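Student: structure of the sequence below:
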Amino acid sequence: MQYLNIVYICKPYGRFFIFKRINYMGKKGLDTRNTILKVALQLFFTEGYKEVSYQDLIEKTGLSKGAIYHHFKSKEDILVSVFEFFLQTSQQPVVVGPEDIVKSYESFRKLFLETKREQFESFKKILNTKSLKANKLLFFLEAINENEKLKKIIGDMMKQEIKFLEKCFLGLKKNNKLPEGKSPALLAKGLYWMLQGAEMLILFDHNDVKEGDFIKVYNKTIEDFFKII
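Tutor: Just a heads-up that it's a prediction; the model follows:
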């Protein structure tokens, strides 16, 4: 797999990933591939996945149809490549694991929310925008539902995210902050799906969701979860 020189090393700190810029000395072919991926991702977020056509990519990149087709046979191939990159880079090792950072409910919440803010800021840089129309994230759902390879990639990403949460709960357990008999693995799954549900509710219930709205929902969901346990 070829890496993007336009995006980032991802660290699996939280529900999403933190992206840190890195530079690659790319050849002309890799530069073209990266340009296509960057433009496509921008269009998917601003217009919605199904609304973007191959012709849109040709017009926005300034490339010929043949040049784009040389790298990607369809826009589905482009989206798969983006998710493959996210999955691959999320497996990079970290110096300090979440189990060594999280020592209390407050540090759990703080780490989680800080990574969300950094993730949103990184996406805004990628998309060259000052704000995100979060409702466009729903394009992931329709795209994933129609692509078996994407389903597999997303499944692997979900497992990694749940594993991250489990390590956070292990940090609480190490510091005697979990009630006796509570399983970090089960708690991680429970919180993950509670966050998933909260995300879907806000996306479907509101027409103009900003990143700040997500942060509020994440904060409230984590607070409610800790009350439950």
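Student: and what about residue 131, helix, strand or coil?
Tutor: Using DSSP: H, G, I helix; E, B strand; the rest coil, the structure places residue 131 in coil.
Student: and it, how many neighbours?
Tutor: For residue 131, the count of nearby residues is 12 (other CB atoms under 10 Å). All C-beta spots, glycine's among them, are computed from the backbone N, C-alpha and C.
Student: how close does the residue nearest to it when sequence neighbours are not counted get to residue 118?
Tutor: Counting by CB to CB, 6 or more residues apart in numbering, residue 210 is the residue found nearest to residue 131 once chain neighbours are left out, at 6.3 Å. Residue 210 sits 16 Å away from residue 118 when distances are taken as CB to CB, to the nearest Å.
Student: next, the buried residues of the helix or strand in which residue 115 is found.
Tutor: Taking DSSP states H and E as the definition, residue 115 sits inside helix 105-127. For helix 105-127, burial by neighbour count (16 or more other CB atoms under 10 Å) applies to 105, 107-109, 111-113, 115-116, 118-120, 122-123, 126-127.
Student: cool, stretch 59-68 as well?
Tutor: 60-61, 63, 67-68.
Student: do the same with stretch 220-229
Tutor: Neighbour-count burial for stretch 220-229 [16+ other CB under 10 Å]: 221-222, 225-226.
Student: nearest to residue 183 among those residues?
Tutor: Checking those against residue 183 by CB to CB gives residue 225 as the nearest, at 14.3 Å.
Student: correct me, but the closest one touches residue 194?
Tutor: Yes - between residue 225 and residue 194 there is a contact at 5.8 Å, judged by CB atoms under 8 Å.
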